[in-house]
Each structure stands twice: as C-alpha cells, then as structure tokens.
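>>> only geometry, no sequence info:
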DNA sequence: GCCACTTCAGTGATAAAGTCACAGTCGGCG
DNA sequence: CGCCGACTGTGACTTTATCACTGAAGTGGC
C-alpha cells in the first residue's frame, strides 16, 4: 500500500475486468453512504474525498467514530460484508468522494490473490482499531474543555470554522448545551469569537 | 472458522512443520501477555482460556477494552505486527490460557494460503471493532448505575462475584469511589450484599 | 419591508459522575 | 496480638449531563 494506489492494485490483480467489476462512483457532500440498520452490499474503498462515520446511541445522542480518507477502506463494511450483519453506524460524505465499490466475490478474490491488497486491508483495520481505542480513552477519561480546545486548534488553520454547536457536540460525543457553555466561556476569555454557525479561533494557542 | 478449530487450519496449511513453527504455549492466570509500550513479536491466537485486554489513559485511569476467548486472535497484536508500532494496551490472563504464538512470516504465509485463516482473522477483527463501537457508546452515553447493574447481572449466575471495587471500576472505566457509592446504594435497596472483595447479587433481576 | 417559521444559541435549575482528601475496616502475618 | 497494607466509605466540591425554556438569527412568502 506504500507504493501503489488502490486503483493500481485493482488493475494489477483484476486485469481488464477491473473497470467493469469495480466501478468508481462519485458521491456529493451530504450523501449518505450507509445508515444504521442497513445491510452491506459492497465495500467502499475511497479513491478521493472524505467520509464521516458516526453512530447514534439508544439515548439518541450521536458521536463521530472516525473519518475515511483517500486510499482507506471502510472497516465496518468489511465486517458487515463478512458476517451479513447490519450496519450499526452511518457514513456521511463530507467532501466530494470517489469510491470503488467492491462486491463480496471480488473482495475474496483480491484477498486471495493480492498481498498488497491484504496489506492495505490489515493496515486500515489496525488504524481504525487504534482510533477507536483512543476515542474510548478520550470519552472515558479526558475533560471536555480540553477536548474541545484541541478540536478547535486542529481546524483553526484555515480561517473561521463553520459548524453549529450541535454538530460540534456530535464530534465530541456530548450534549449541545455543554458545547455552548464551554464555547461561551472561551469567548469570555477572548480565545474565540462566536457567530451563528461559525467559530473563529483567535488566541487559543497560548495555553499549550 | 465455523467448521474447523484454529489448530486444524494451522495443521492443514503448514503440514508437518506446524508443531515447530507455531508452538502452543500455556499461560497461568495473572500472567501478562503484553504491556503498553512493548513491541509485538508474535501474534497470540487462543486455543483455550481467557485474556483481558485493558488500556491505561494518561490520567492513570484504566478501562477494559475487550476479552479474548477460545479461537480468537488478538487484533491489537496484528496491528502492532504489521506496522511495527508498540502496544497501546496490556493483556492479562484471567483463566489459564493455551495460545499459539505465530510469527510475522507464518502469519503472512497463512494469510496467503488459507482462506479459512483469512476468514477467521477478518471475523475476529470485525467483532473487535463492533465491541469497541459499543464500548464507545456505553462510555459516552449510558448511565453508570445501569451499566453497573448490567455488569453484575451478567456474572451473577455462579454465586458471589469475587472482585474489588477498584477492579470493577476498571471494568466500567470509572473511578473507584463511584463504584463504591453505587454499590452501597444497591445494598441499601437490598439488591446486593457487600463484603470485602466480594459482591453477592440477591434480587437485582426484578428491575428488568 | 414585514411576518411567520425554522434553526441555532444561551441559560437556570437540577441530577449524575468525577476528583480530592481522608477516615475507618478488614485480613493476614510476623 | 498488633501492625501493615489493601480495601471500602464518605464528605466536599467540580465537571458534565439533562430538562425546560427564552431569545436571536436566518429564510421564504407575500
């Protein structure tokens, strides 16, 4: 996976069938790749773009689990494809996304024939497991104000962050009111400037 | 993986080398299979027994992530083996465990040659991912009293539960004091009986 | 422009959970 | 028996979650 793009691997392994068997599809922002409760038909494999995977608990609260980016597989789909279970989460396109949709048969074939493909799958899986372990630790043990500040700092580079408090609450897995209060407190300390649907990070960095 | 045990698959694929290449090791309760920070040399694959995998956050708090049981692989080890990263969690034997320890080379060979092995690996991975997603939801959104009661009910079948409040706190990813208080409250309502290092569930069931 | 309507944000009150500090209690062992 | 370490209980306080509600900002029709 280090040397070749996913498309190269597919072409190498599947030969001239590649284009027919594994068609690249384009998804616009906002499109839902899959919802909780649905069965999985095909494994999405991102060629470009970004997809957000989030889960809604019984309480109705949601949390973002991880994001899929270029050259990554959706590990949830693999699980659902292999076991026939329904999805437990949903995937929403954030940036226009091109993805190869692979059927179970083609997946098995690739796993059988391409060591590079296997390597890619295993790495993708490993990364997700790691992501989720870190998320568990975050949610279980870290303070919300710190997590919020970090989240803001990570996206403060390119001007104001366009997001509602509700969406931000889902990112962190908390309640909208909590986010509102913490943000207001940051504004009082002149660390951010708030507007409807927009957060401008001013001098948050200094605390690190 | 549905039809054959892991040992069968190993024997089928590796032939007479199997015994030399992938030796079965026995671990007593309490033994640590790996610690956070260590590198992974071999992939443990449980033939019998039970292993608890837990993680300690920067705060010093710990939480149990999942348990390995018969015929399961340790997905963390796969990740560490593939990427060369160090473990982020630790694994402790709970019941005497027999495990086959597989090297990177043998792992790659099995992945290449045995569809059953691949299937087993992928299923194991899928299950862990699912476990962790559920854990994220639990920790993020569910009430501690309910989680505690469920935990107790799940192990109330075979007489008193032998565990300290501290250990129970790690199971749930909370603080010892929280567990102590919730348990005391349950005892006041005559739902459990408490003793040092022991919890007896009396009539907790009725609430369901 | 004005109005109705929806979405978004702010906030008080209260409950649940986490943190800190410390006291009491039990069990084993010299 | 008495001491020590591990375990448990609890008060005081902080942080986070939940509930209920208000107001403010954008949107579209007329």
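Looks like it came in fine. Owing to the predicted nature of the structure, the values given are computational and were not obtained by experimental measurement.

>>> show me where chain A has strands.
Assignment of strands within chain A using DSSP state E yields the ranges A:24-27, A:32-34, A:42-56, A:62-68, A:90-103, A:161-162, A:192-195, A:198-201.

>>> Could you pick out the longest helix of chain A?
Ranked by residue count under DSSP state H, the longest helix found in chain A is helix A:115-141.

>>> how big is the angle separating it from strand A:90-103?
Counting by axes from the mean of the first three to the mean of the last three CA atoms, to 10 degrees, helix A:115-141 points 160 degrees away from the direction of strand A:90-103.

>>> Just put the strands of chain A in CSV and tack on distance to residue A:169, mean pLDDT and mean neighbour count.
Using the backbone N, CA and C atoms, a C-beta is placed for each residue, glycine as well. Formatted as CSV, the strands of chain A follow (distance: least, CB to CB, whole Å; pLDDT from 0 to 100; neighbours: other CB atoms under 10 Å in any protein chain shown):
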stretch, distance to residue A:169, mean pLDDT, mean neighbour count
strand A:24-27, 25, 92, 15
strand A:32-34, 20, 94, 19
strand A:42-56, 12, 94, 20
strand A:62-68, 8, 97, 21
strand A:90-103, 16, 93, 19
strand A:161-162, 14, 96, 14
strand A:192-195, 15, 96, 15
strand A:198-201, 13, 96, 17
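
>>> for the ones you listed, which one sits closest to residue B:52?
Of all the strands of chain A, strand A:62-68 sits nearest to residue B:52, with 23.4 Å by CB to CB.

>>> ok, and the closest non-adjacent residue to residue A:172?
Leaving aside its sequence neighbours, residue A:172 sits nearest to residue A:147 (CB to CB, 6 or more residues apart in numbering or on different chains; 5.7 Å).

>>> For that neighbour, grab the count of nearby residues.
Here the number of neighbours of residue A:147 (other CB atoms under 10 Å in any protein chain shown) works out to 17.

>>> and what of residue A:39?
The burial count for residue A:39: 11, using other CB under 10 Å.

>>> Show me what it is bridged to.
Beta-bridge partners recorded for residue A:39 (DSSP bridges): residue A:86.

>>> which bits of chain A sit near DNA strand C?
Counting by CB under 7 Å from any atom of the strand, chain A comes close to DNA strand C at A:140-141, A:164-166, A:176-177, A:180-181, A:183-184, A:187, A:194, A:196-198.

>>> now with 6 Å?
Residues of chain A lying close to DNA strand C (CB under 6 Å from any atom of the strand) are A:164-166, A:177, A:180-181, A:183-184, A:194, A:196-197.

>>> Filter the residues you listed down to the buried ones.
Burial by neighbour count, judged by 16 or more other CB atoms under 10 Å in any protein chain shown, picks out A:165, A:183 from those.

>>> quick one: which of the residues of chain A next to DNA strand C is nearest to residue A:135?
residue A:166 (19.5 Å).

>>> show me what contacts the closest one?
Listed by CB atoms under 8 Å, 6 or more residues apart in numbering or on different chains, the contact partners of residue A:166 are A:176, A:179.

>>> Also residue A:31?
Contacts of residue A:31 by CB under 8 Å, 6+ apart are A:92-93, A:97.

>>> just residue A:186 next, same as before
Shown in contact with residue A:186 (CB under 8 Å, 6+ apart): A:148-149, A:192, A:204.

>>> any weak-confidence spans in chain A?
Residues of chain A meeting the criterion pLDDT under 70: A:1-4, A:14-22, A:205-208.

>>> and if we set it to 50?
For chain A, residues meeting the criterion pLDDT under 50 lie at A:1-2, A:207-208.

>>> what's around the residue lying closest to residue A:124 once chain neighbours are set aside, how many residues?
Spatial nearest neighbour of residue A:124, chain neighbours left out: residue A:73 (4.5 Å); criterion: CB to CB, 6+ apart. By other CB under 10 Å, the residues close to residue A:73 number 24.

>>> measure residue A:73 to residue A:50 for me?
Noted for residue A:73: a distance of 14 Å to residue A:50, by CB to CB, to the nearest Å.

>>> Surely residue A:93 touches residue A:28?
Yes - counting by CB atoms under 8 Å, residue A:93 does reach residue A:28; the two are 6.7 Å apart.

>>> before we move on, the earlier item: looking at the strands of chain A, which is closest to residue A:170?
Closest to residue A:170 of these is strand A:62-68 (CB to CB; 4.6 Å).

>>> ok, the residue nearest the centre of chain A to chain B distance?
Note on chain A: the residue nearest the mean C-alpha position is residue A:67, at 1.4 Å, using CA atoms, centre = their mean. Computed as CB to the nearest CB, to the nearest Å, the residue A:67 to chain B distance reads 15 Å.

>>> For that residue, name its beta-bridge partners.
Beta bridges link residue A:67 to residue A:52, judged by DSSP bridges.

>>> residues in contact with it?
By CB under 8 Å, 6+ apart, the neighbours of residue A:67 are A:50-53, A:94.

>>> that older thread, what sits against the residue nearest to residue A:124?
Contact partners of residue A:73, counting by CB under 8 Å, 6+ apart, are A:43-46, A:120-121, A:124-125.
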